[in-house]
Structures are given as structure tokens and as C-alpha cells.
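A.B. asks: Sequence below, structure please.
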Amino acid sequence: MKNKYWIALIVLAALVGCEKLIQPNVILIMTDDQGYGDLGITGNPNIHTPTIDAFAERSLRFNNFHVSPVCAPTRSSLMTGRYSLRTGIRDTYNGGAIMSNSEVTIAEMLKQADYATGIFGKWHLGDNYPSRPSDQGFDESLIHLAGGMGQVGDFTNFFKKETSYFDPTLWHNNQPEPYEGYCSDIFTDNAIDFIEKNHKKPFFCYLSFNAPHTPLQLPDEYYQLYKKLDPLNGFNSDDLYGIEMSEKDKEAARKVYGMVTNIDDNLAKLFRKIEELGIKENTIIIFMTDNGPQQIRYVGGMKGRKSSVYKGGIRVPFYLQYPAKFKKPKDIDGMAAHIDLLPTLAVLCDAPLPKDRKIDGKNLLPLIENRWVEERSFYSYWTRKYPELYNNMALQRGDYKLVGRTDFDAVLSDFELYNIGKDPNERTNIINQNIEIAANLKLEMDETYSELINSKNFVSPPRITVGSEHENPIFLNRNDAGGERGVWNQEELFSYWSVNGNEGYYKINFKFIKPVPSGGRMFLETKGVINQKKIKGDSLVTISFDNVYLPAGAYDFMPFYLIENKKIFPFWVEIKKFTNYTK
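C.D. replies: As a prediction, this is how the structure comes out:
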């Protein structure tokens, strides 16, 4: 009897030990510019999202989850557990959407724990070596370029205009390939293929839809679902918080809702596959969005939209399902944020958390298990190109949130203060009655801002490597060009790409949006050296320089076509190093 008892204990211990060794799969689903109010479960009676609604009903529902006001900062913080300025991300373009390769991503962390890793959709953290998904821990990547499919940085789809979401050219493992179908369907189908190939070992699948980001393109069957809808139906004035919608706004909402319903149908297909493969129990599935809505529409009664530090810009749905560990659905009202995902997955997946850097996020398990009593702070900001002190900047600690929408030298009374516990939708500014609380929050805001703008990757921003064996030829796109604020979509502005060059001789093709007239001169400035030549003959879309010497080191790669005192900046540049160069 005694021997049977010990045998039972040994078997039980072995089973417990085996259970600890089973690492969960991770599927992270994120949509683009889908606001908090773009789901049925968050109170929108006009949108059809049965799959996501049902998923949320079965999940841990984080009802107070925050992100950055715009896409690239959210994505860098999500991937690294750090505020975006630490990672080198400060903008969505203008050379500020390139993440430093010194950062450790969720994919890199999980690869150390023997995970297969794949991304399908939007990356928006750098399109060139060493900042591509393949350089940051992903075994397989299928992405579009830049921040939006068909935007100026996505030169492979730009000229498709109103059809860029259909039959696109995507970058599969760093090579352009043509695909047939609608973008969200393509990304989902390829994510499913990745899961099927890798489901017998732990995997991390990042399904990062570019929809419903502009341009608002969708299959007609989904548009027809909402064609006659008035998006204001079913709401009272408090729900809408003073929203007024023009017919243009309403038409945009109809298209967004159709795009979201298409995503919902794709997720139904994904969830069925998880069931078929028998891996649901041991798979963490997360659904979230990257920021508030870009267009005017219902956002859950909150103030603000995309780009704003008010709740409408930074509070998003976040649902987590992990049946093996969390048996019952639950509402979680404590503050959580995108920076918390990496440290939380480190614990759940038994993966090594980076120890050589500051991780701003927190492990969410104590919050889930009602053991979190610490009052935390969350910093938020957004302005174009670089942070503007006290302009669209916020610091929340506990129930109080200080918002700066003012000048760099403003007095404290020019700020806004909200008691989020009593006033969750930020309707009443109480700063004049709570100056001491506001002063303490401003002190922390100042300290956080100062720390972030003095961080290594902000002071020395990431550069694109030219002439590397890992990427030859290299394509420089407009999204990653720095310079004047409008360079993203204007041609006659000062601009350049910040690069790290490898010494050698190169063939360079400068591509323009439209033919440039002959008779001007093409210039290329690099590290104190100028190459120029006169362009004769017909108008050209492509101007080529052959056998150009590029030096080693860090410098600005600055091309422009000069004619009649106008400097025309290329749309994109192809640079190919001659591999037989010897010094």
C-alpha cells in the first residue's frame, strides 16, 4: 500500500512537471485604426462582429487597456515592452518609424524559448536591414511596406490607387511577390498555413491586419451589408459626445464597418482551424487594436480619436483567451497597456525577459489574479516628427490624468486634469481645484519626458544599412526619408535617408512619381561628396547612376533632381552594390 502511494506521488509529480514544460502557442491579432467603438460588444448596434464578440465573451476582458495614439509607436511598444521613444520610434514616417535592431522583440524573446515565429500583415517598424521582421526575430514574414498599403512608402502598390488592397504585391521573407485576393483574406490564409506547419511545436503568430486603415477599400459584398446604414442610429447624445457626422463621415463609417466584418469572418476561419488542430486549450489568443479611429464615428462616448492622448485615441479593446490557465471569462478593470504584453508573455511562455535594459511594462498576472495593489503611471504623447513639450502629452497615475495641450512654457493652470475614476470620459477639467495633485503629476511627466528624449536610440536614431550582404539590392522608400514635415507626400521638399554605408561601388536607380523633364541635373550628396550629371534627351521616370562610389560610415544619403530652381525628390531609390569591389 505504501509503495502504491509513493508510485502515485511520483506519477503525479511527473505529470505536474510535464505540464510546466508545455509552452503555450501565442496568436496576437491586431487591427489597424479600429476604435474602441467598432465592435458589437463595446456597444455599437450597427456593426456585425459576432466572432470577435463571442471571443470576447469567453476571454479575459481588459476594460482599461491603453496604447499609443498612433500606429508605429504602439507597435514598437507592443513588441518590446518599452515606451516607443526608447526604441527609436518617434513618428509614423519622416524617418521616425524605424526601430533600432538593438531592441529585443517578443519574437526574439520567444525564439530563445524555441518558438517558431511568423508575422502576417503590417510591421511599420522599418523596411530595410537591420530593422525588418526577419532581422527582429521572425522566421517567416509576409508584410506590406511602410505604414499603409498603397501609401507613398508602399511603392509596390502605390500606383494601384483605388485597388491597392486587391491583388497586392507583398514582401514575403524580404522578396516582393504578387498575391491574388483581398489583403485581409491573404494575411489570414497565410497565417493559417503558418500555424498548420508549426502547430506541433510552440509558435508565435502575429496577425497584424492593415484594415480598416485608409484607403478604405473592401470587397463589395461587405460594403453591401452597410450600404444603407445610418451610423448614428441607436445612439443617444451621451454615447456620441457631441459627434456630428457629414455624409462623407457616414460613408467612411460604412466602409470601416464592412472592413471590420470581413476581419471578423476571417477570424472565424482562423478559430475553426485552431479547433480542428486540437490546440485551442494550450493557445493564448489575443485580440486588440492599435489606436482610436481615424475618422469621425462612435467611440464609446469617449473624447478624442486617433492621434489624441484623450481616451478615444488610446483606449482600445484587449481580449485574452488561454483556456489551459484561465478557465473562466472575467472583466479586468485595472489599468493595463501595450508595454505589458512582453513581460506577461515572458512569464506565461517561460521565456527569458531581457535583463540589460529598462522594461516599462508590467507582468499582468497579478492584475488578472487580483493581487496587484500597486498604483501605476502611464505616459502618453503624440506630435509629428518629434515630441513637442506639453503639446498632446499626458501622464496618468491612479485615478488622475494630467493632459497637456498647451505651450512649452505654459503655467500649470493651462493644463487639464481629470479624475478618471469619477469622470472616465474626461468631461470635466478639475485642475483649478487640485493644483497640488496636478503639480505632482507634472513633475513626473517632466521626469519621464526628459528620460525618454535622452535615451540612447532617441539621441542616436537607427539608420538604414546600405551595401550589406543581407540586403542587396536595397530599396529606400519615402516613408523612411527624413527632412521637412511634408516630404512623405510632396516632391519639392528637402529630404534624405539616414544610412550606414558600406564602402564600395554601386549602381543607383532614382525613381520618380512622374517623368522629370530633361535638361536638369541629378545630384547625390553623401558624406561631403557630390555626384552630379546633366540629364539629356527625353523626360525620365528613372535616372541611373552607374559605378558610384559610396563611403563607409554614417551619413545622409541625399538625392534630388534640380531643374529651374526646383529640387525634385525621388519617390524611391534602388541601390545595388557591386560584389566584386576591393579597396
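A.B. asks: any idea where the helices of this structure begin and end?
C.D. replies: 2-21, 50-57, 71-80, 84-87, 106-111, 183-198, 220-226, 237-240, 247-276, 311-314, 341-348, 365-368, 435-453, 456-459 (DSSP state H).
A.B. asks: Output the contacting helices and strands for the third one.
C.D. replies: Helices and strands in packing contact with helix 71-80 are listed as helix 84-87, helix 106-111, helix 341-348; criterion 3 or more Cβ pairs under 8 Å, 6 or more residues apart in numbering; DSSP states H and E. The C-beta positions use only the backbone N, C-alpha and C, and glycine is treated the same way.
A.B. asks: Low-confidence ranges, the stretch 251-400 of the chain, go.
C.D. replies: 373 (pLDDT under 70).
A.B. asks: Kindly report the same for the stretch 1-150 of the chain.
C.D. replies: 1-21.
A.B. asks: Need the residue closest to the centroid of this structure.
C.D. replies: Compute the mean C-alpha point of the chain, and by Cα atoms, centre = their mean the closest residue is residue 75, 3.1 Å away.
A.B. asks: Go ahead and confirm that residue touches residue 123.
C.D. replies: Yes - proximity of residue 75 to residue 123 meets the contact threshold set by Cβ atoms under 8 Å, at 7.5 Å.
A.B. asks: Can you work out which residues contact both of these two?
C.D. replies: Both residue 75 and residue 123 are in contact with residue 208, where contact means Cβ atoms under 8 Å, 6 or more residues apart in numbering.
A.B. asks: In TSV, list the helices of the chain along with distance to residue 157.
C.D. replies: Listed next are those as TSV, based on distance: least, Cβ to Cβ, whole Å:
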stretch	distance to residue 157
helix 2-21	44
helix 50-57	27
helix 71-80	17
helix 84-87	26
helix 106-111	25
helix 183-198	9
helix 220-226	20
helix 237-240	35
helix 247-276	17
helix 311-314	27
helix 341-348	29
helix 365-368	41
helix 435-453	34
helix 456-459	30
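A.B. asks: Which stretch among those approaches residue 556 most closely?
C.D. replies: helix 456-459 (16.9 Å; Cβ to Cβ).
A.B. asks: which residues are contacting that closest one?
C.D. replies: 85-88, 90, 100, 102-103, 452-453.
A.B. asks: Would you mind listing the buried residues in that helix?
C.D. replies: For helix 456-459, a neighbour-count test (16 or more other Cβ atoms under 10 Å) marks 457-458 as buried.
A.B. asks: Identify the residue nearest residue 516 in space, chain neighbours excluded?
C.D. replies: Distances taken as Cβ to Cβ, 6 or more residues apart in numbering place residue 561 nearest to residue 516, at 5.1 Å, with adjacent residues excluded.
A.B. asks: wouldn't the one you found be in contact with residue 511 here?
C.D. replies: No - using Cβ under 8 Å, residue 561 makes no contact with residue 511, being 11.3 Å away.
A.B. asks: Have a look at the two and say which one is more surrounded.
C.D. replies: Per other Cβ atoms under 10 Å, whichever of residue 561 and residue 511 has more neighbours is residue 561, with 21 against 16.
A.B. asks: Please report how far that one lies from residue 515.
C.D. replies: 11 Å (Cβ to Cβ, to the nearest Å).
A.B. asks: just checking, what's the longest strand in this structure?
C.D. replies: Across the chain, the longest stretch assigned as strand under DSSP state E is strand 504-516.
A.B. asks: what's next to that strand, contact-wise?
C.D. replies: Here strand 504-516 makes contact (Cβ under 8 Å, 6+ apart) with 155, 466-467, 491, 522, 524, 535, 538-550, 559, 561, 563, 568, 570-578, 581.
A.B. asks: Now do it, average pLDDT.
C.D. replies: Per-region confidence: strand 504-516 scores 96 on mean pLDDT.
A.B. asks: For the closest residue to residue 205 other than its chain neighbours, give me its contacts.
C.D. replies: In space, and not counting its chain neighbours, residue 205 is closest to residue 27: 4.8 Å by Cβ to Cβ, 6+ apart. Residues in contact with residue 27 (Cβ under 8 Å, 6+ apart) are 195, 204-205, 207, 270, 274, 283-286.
A.B. asks: Looking at these, which are in strands?
C.D. replies: Per DSSP E, the contacts of residue 27 map to strands at 204-205, 207, 283-286.
A.B. asks: Going by distance to residue 300, which of the residues you listed wins?
C.D. replies: Closest approach to residue 300 among those (Cβ to Cβ): residue 286, at 19.9 Å.
A.B. asks: Residue 254 reaches residue 226, doesn't it?
C.D. replies: Yes - using Cβ under 8 Å, residue 254 is in contact with residue 226, at 4.1 Å.
A.B. asks: and the residue nearest to residue 280 when sequence neighbours are not counted, how many neighbours?
C.D. replies: Residue nearest to residue 280 in three dimensions, not counting chain neighbours: residue 274, with 5.0 Å by Cβ to Cβ, 6+ apart. The burial count assigned to residue 274 is 18, neighbours taken as other Cβ under 10 Å.
A.B. asks: So residue 274 is in contact with residue 284, correct?
C.D. replies: No - with contact defined as Cβ under 8 Å, residue 274 does not reach residue 284; the gap is 11.2 Å.
A.B. asks: Only the buried residues of the longest strand of the chain, if you could.
C.D. replies: 504, 506, 508-513, 516.
A.B. asks: Max pairwise distance over those: which two?
C.D. replies: Going by Cβ to Cβ, the pair spanning those furthest: 504 and 513, at 28.8 Å.
A.B. asks: Give me the distance between the residue nearest to the centre of the chain and residue 36.
C.D. replies: According to Cβ to Cβ, residue 75 and residue 36 sit 18 Å apart.
A.B. asks: and what of residue 552?
C.D. replies: The value you get for residue 552 to residue 36, if Cβ to Cβ is used, is 49 Å.
A.B. asks: Repeat that for residue 22.
C.D. replies: From residue 22 to residue 36 the distance is 34 Å (Cβ to Cβ).
A.B. asks: Looking at those two, which has the bigger crowd around it?
C.D. replies: Counting neighbours by other Cβ under 10 Å for residue 22 and for residue 36 shows that residue 36 has the greater number, 25 against 11.
A.B. asks: Pull the contacting residues for residue 519.
C.D. replies: By Cβ under 8 Å, 6+ apart, the contact list for residue 519 reads 534-536, 563.
A.B. asks: filter those to the buried ones?
C.D. replies: Buried among these (16+ other Cβ under 10 Å): residue 535.
A.B. asks: Would you reformat the contacts of residue 27 as TSV and include distance to residue 457?
C.D. replies: Conversion of the contacts of residue 27 to TSV gives the following (distance: Cβ to Cβ, whole Å):
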residue	distance to residue 457
195	33
204	24
205	27
207	27
270	34
274	36
283	33
284	29
285	31
286	26
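A.B. asks: ok, of these, which one's closest to residue 173?
C.D. replies: Nearest to residue 173 among the contacts of residue 27: residue 205, at 15.4 Å, using Cβ to Cβ.
A.B. asks: Return the set of residues that bridge with the closest one.
C.D. replies: Here residue 205 sits in beta bridges with residue 27, residue 118, going by DSSP bridges.
A.B. asks: burial count for it?
C.D. replies: 26.
A.B. asks: go on, the one 10 residues further on?
C.D. replies: Residue 215 is surrounded by 15 other residues when neighbours are defined as other Cβ under 10 Å.
A.B. asks: Looks like it contacts residue 163 (just checking).
C.D. replies: No - if you go by Cβ under 8 Å, residue 215 and residue 163 don't touch, sitting 9.4 Å apart.
A.B. asks: shaky segments in the stretch 451-583 of the chain?
C.D. replies: In the stretch 451-583 of the chain (pLDDT under 70), the answer is 581-583.
A.B. asks: Going along the chain, name the strands of it.
C.D. replies: Counting by DSSP state E, counting those that start in this stretch, the stretch 451-583 of the chain has strands at residues 464-466, 474-477, 482-483, 495-501, 504-516, 521-526, 529-534, 540-550, 553-563, 566-568, 572-577.
A.B. asks: check contacts around residue 474.
C.D. replies: 128-129, 464-468, 574-576.
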